[in-house]
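K.L.:
Any chance you can model this:
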Amino acid sequence: MKKTLTTLAILFAGTCMMHAQEKPTVYMVSNAHWDTQWNWDIQRSINEFLPNTLLQNFKLIETYPEYIFNLEGAVKYDMAKEYMPELYEQLKAYVQAGRWHVSGSGWDANDPNIPSIESSIRNYLYGQQFYKDEFGVKSTDVMLPDCFGFNYTMPTVASHCGLIGFGTQKLKWREKPFYENGDKIPFPFGIWEGIDGSRIMAAMDGGGYGWNPDEDIRAIEDLEKRIGQACIPAVYRYFGTRSSRKHGDQGGSPLPIAVETIDQARQNPLAYNVRFAATDQMYKDFYMDPRLPVFKGELLMDVHATGCYTSHTELKKLNRRIEWLLSSAEALGVLAERLGVMEYPSWTFDQIWKRTLVHQFHDDITGTSIPEAYKFTYNDYYLSVNQLENIIDAQLQAIGKVLGTKLSGTPLLVYNPVSAESSDYVTAEINLPAKYKSVAVYDQNGRKVASQLLSRDGDKACIAFCAKLPSLSVSVFELRPQTAADAAGKIKVGSNWIENSVYKVSLNADGDICSIVDKRVGRELVKQGEAIGLSVFSNNKSIRWPAWEIRKEVMDREPSKVNG
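P.N.:
Reported below is the predicted structural model:
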C-alpha cells in the first residue's frame, strides 16, 4: 500500500501544534442535504422538499436569533424563485441579513469525476452568477458532503474560480484506511494543493450531516476527540436533517431540539466555544494558517463509488455528447457572429447548460437514482442534443454562404471544434445516384485526399475521407462523383468476415472476434484459440448499494464469457 501511495504522490506537510491557551471553537454548520433526484424525481423535489426546506428553516431563523442555515445548489433557489415567489422574497431577505447562507458555489452539488472540467467551471459560473444577480453576493466554497470521491483537479479549478474552501463528510464512508497516517482521510482540516500548486482549505471530515444533538454538546465525546486532533483551535461539524436511506437527503431543516441544544451551548461556553456557522466561516478565520497540514493528491473512495462509473452507461455517453456539442456550438457561434451571418444564441446556450448541469448532480449522472427520475434526465438530454445539432446545422449553413463554395463538384463543410490542428478521418452521408460508383474528395487547396465509400442505400451513400484541419476552423472540401469504383478503398464482406486493404476481421459462432489479420505484414493479432468479446463479472455481493459498488473480490475473479 505504501508503494501505491508513493506512486500517487500523496504528500503531507506542516505541523500540528495548537497553543494550549487558545480556547477552541466548534463551528456548527447547519444543513439539510437535498438530493435533486435520487429515490425520487425532480417533481417531488419541487412539490415537497422545496417548501419543507423553506418553511422549516424560516421558523428556526425567526426563533433563534443566531441560527444560520446553509444550502448548496443555486438551482434550488431558482426553483423557489419560479414556483414559490412569495417565499422566495422572504428567503432573499434572510440571505441579505446573513441568516441564510448560499453555499457550494455551483448550480448544483454535482459529481466532480464524470463531468468534464469545462462542466465543472460552468457549474461554478452559473451558480455564482445566479447568486450575484439575485442576492448581490457570491459563495466562496465547494460544499459536497455527499459525493463519491474527489479528483486532483478540484482544488485547481476551485481556486481559479475564486473559491477558498471545500467541505465533505463522505470520505469517512471508505471501508479501509488509505493514507500514510493510517486513516481514511489525510486530515480532518487542512490545505489541499492542486496539480498546479493552487491551494484551497479543506474540511475533510464534517461528520454525518444528519446528526442532531439532543444533549449538552460540550459533553459529547465526538467533539472532544475532534478538538484533541485539531491543529488549530477549531472544529468543523455538520448537523442537520435525519439521514437514512428511507428519510435522508430530502432537505428540510435540523430538528428544533438540535438547534436549541446548540444555542444553549453557545450561550454558556466552558472548555470550548460553540457557534452557528456558515459553511465558509472557518475557512475565512483560518485561511492558509501555517499550522495546517498540506495534502497533494486525489481523495478517493473505495467501495462506495466504483459502480457509479458503469451505471447507466448510455446516460454518460449522452452527457459527454452534450458537452462536446456545447463546446462546438459555442465556438461556431462566435465565428458565425464575427462573420455577421448569425446572432450568437446566448440565452439558448445558457438554458442548455443549466439543463445539463442539473443532471450532473451526484445521484443523477452517476446512475444511482430510481428509474422514474431518469425519465426527466433522458428527456432533457435528448432535448439538448436535438437543439444543439439543429443550432450547429444552422450555423454551418449560415457560414457556408460567405465561404468559397462555388465549385464544380459538391461542397462539403467540415468543422474542427478542437483548439488544435486535427488530422483525422471524416464520415458524411451524401446523395450519390446509382450511376456513380465512388467519390473523389479534394481539400481546400485542391489536393485529392484519401477517401472511401463505406456503404450505400439507393441514392444515399456514406463515405469517409482524410482531412487535415486548422484549429477551430470551418473548411470546404469538394466531392466529385466517379463512375469507376475505387478499388483501393473497396470493402469485401463475407458471412462472418469483413476485409479492406489493411485488415481482415473474422467472427466465430458466438459473435466474438477470433481473428484480426494485418495484411500489410501478414500478422495475426489474436492469439490462437482465443477471441475478443464481451465478458461479465457476476455474483457481486453489493446488496445495499448495488449501483455504487463493485467489490475488488469480484473484479479479481475470472470473468464469464457472454456468448450468443
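K.L.:
so residue 391 makes contact with residue 346?
P.N.:
No: Residue 391 lies out of contact with residue 346 (C-beta atoms under 8 Å); the separation is 11.9 Å. Yep, even glycine has a C-beta here, placed from its N, CA and C like the rest.
K.L.:
Tell me which of the two has more neighbours.
P.N.:
It is residue 391, of residue 391 and residue 346, that has more neighbours when counted by other C-beta atoms under 10 Å, with 23 against 10.
K.L.:
which one is that one nearest to, not counting chain neighbours?
P.N.:
residue 329 (5.1 Å; C-beta to C-beta, 6 or more residues apart in numbering).
K.L.:
Distance of residue 472 relative to residue 418?
P.N.:
Residue 472 sits 7 Å away from residue 418, going by C-beta to C-beta, to the nearest Å.
K.L.:
Okay, now the unreliable bits of the protein?
P.N.:
1-21, 242-247, 486-490, 564 (pLDDT under 70).
K.L.:
In it, where's the longest helix?
P.N.:
In the chain, with assignment by DSSP state H, the single longest helix is helix 371-400.
K.L.:
Would you indicate which residues of that one are buried?
P.N.:
Buried residues in helix 371-400, defined by neighbour count with 16 or more other C-beta atoms under 10 Å: 373-374, 376-377, 380-381, 384, 387-388, 391-392, 395-396, 398-400.
K.L.:
again, but for stretch 434-453
P.N.:
Those would be 436, 438-439, 441-444, 451-453, for stretch 434-453 by 16+ other C-beta under 10 Å.
K.L.:
SS state for the most centrally placed residue in the chain?
P.N.:
Taking C-alpha atoms, centre = their mean as the criterion, residue 115 is the residue nearest the geometric centre of the chain, at 2.9 Å. For residue 115, the assignment made with DSSP: H, G, I helix; E, B strand; the rest coil gives coil.
K.L.:
And for residue 274?
P.N.:
Three-state assignment for residue 274 (three-state DSSP): strand.
K.L.:
How about residue 27?
P.N.:
Look at residue 27: counting by three-state DSSP, its state is strand.
K.L.:
Who are the contact partners of it?
P.N.:
Contact analysis of residue 27 by C-beta atoms under 8 Å, 6 or more residues apart in numbering lists 234-237, 275, 277, 281-282.
K.L.:
among the residues you listed, which are in helices?
P.N.:
Judged by DSSP H, the contacts of residue 27 include 281-282 as members of helices.
K.L.:
May I see the contacts of residue 27 organised as a markdown table, with distance to residue 130 and neighbour count added?
P.N.:
As requested, these are exported to a markdown table (distance: C-beta to C-beta, whole Å; neighbours: other C-beta atoms under 10 Å):
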| residue | distance to residue 130 | neighbour count |
| --- | --- | --- |
| 234 | 30 | 24 |
| 235 | 31 | 28 |
| 236 | 26 | 28 |
| 237 | 28 | 27 |
| 275 | 28 | 16 |
| 277 | 23 | 21 |
| 281 | 22 | 22 |
| 282 | 25 | 26 |
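K.L.:
I'd guessed residue 481 sits against residue 431; true?
P.N.:
No: Residue 481 is not in contact with residue 431 according to C-beta under 8 Å; the separation is 9.3 Å.
K.L.:
which of the buried residues of stretch 434-453 lies closest to residue 260?
P.N.:
Residue 260 has its nearest neighbour among the buried residues of stretch 434-453 in residue 444, at 73.9 Å by C-beta to C-beta.
K.L.:
Identify the residues contacting the closest one.
P.N.:
Residue 444 touches 475-477, counting by C-beta under 8 Å, 6+ apart.
K.L.:
Likewise for residue 69?
P.N.:
30-32, 57, 60-61, 99-101, 253.
K.L.:
so can I have CSV of those showing secondary structure and neighbour count?
P.N.:
What follows is the contacts of residue 69, written out as CSV (DSSP: H, G, I helix; E, B strand; the rest coil; neighbours: other C-beta atoms under 10 Å):
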residue, secondary structure, neighbour count
30, strand, 26
31, strand, 27
32, coil, 24
57, helix, 26
60, helix, 21
61, helix, 20
99, coil, 21
100, strand, 25
101, strand, 25
253, coil, 25
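K.L.:
now, among these, which is nearest to residue 207?
P.N.:
residue 31 (11.0 Å).
K.L.:
Against residue 165, how distant is the closest one?
P.N.:
From residue 31 to residue 165 the distance is 15 Å (C-beta to C-beta).
K.L.:
how about the strands in the stretch 1-150 of the chain?
P.N.:
Under the criterion DSSP state E, counting those that start in this stretch, strands of the stretch 1-150 of the chain are mapped to 11-13, 25-31, 69-72, 100-103, 141-143.
K.L.:
partners of the fourth one, with directions?
P.N.:
Listed by DSSP bridges, the sheet partners of strand 100-103 and their directions read strand 69-72 (parallel).
K.L.:
For residue 320, give me its contacts.
P.N.:
Neighbour list for residue 320: residue 116 [criterion: C-beta under 8 Å, 6+ apart].
K.L.:
Go through the helix or strand where it lies and flag the buried ones.
P.N.:
When elements are defined using DSSP states H and E, residue 320 is found to belong to helix 313-338. For helix 313-338, the neighbour count (16+ other C-beta under 10 Å) marks 315-316, 318-319, 322-323, 325-333, 335-336 as buried.
K.L.:
For the next helix-or-strand element following that helix, enumerate the helices and strands it packs against.
P.N.:
Per DSSP H and E, the first helix or strand lying C-terminal to helix 313-338 is helix 346-358. With contacts taken as 3 or more C-beta pairs under 8 Å, 6 or more residues apart in numbering; DSSP states H and E, helix 346-358 sits against helix 74-83, helix 117-135, helix 313-338, helix 371-400.
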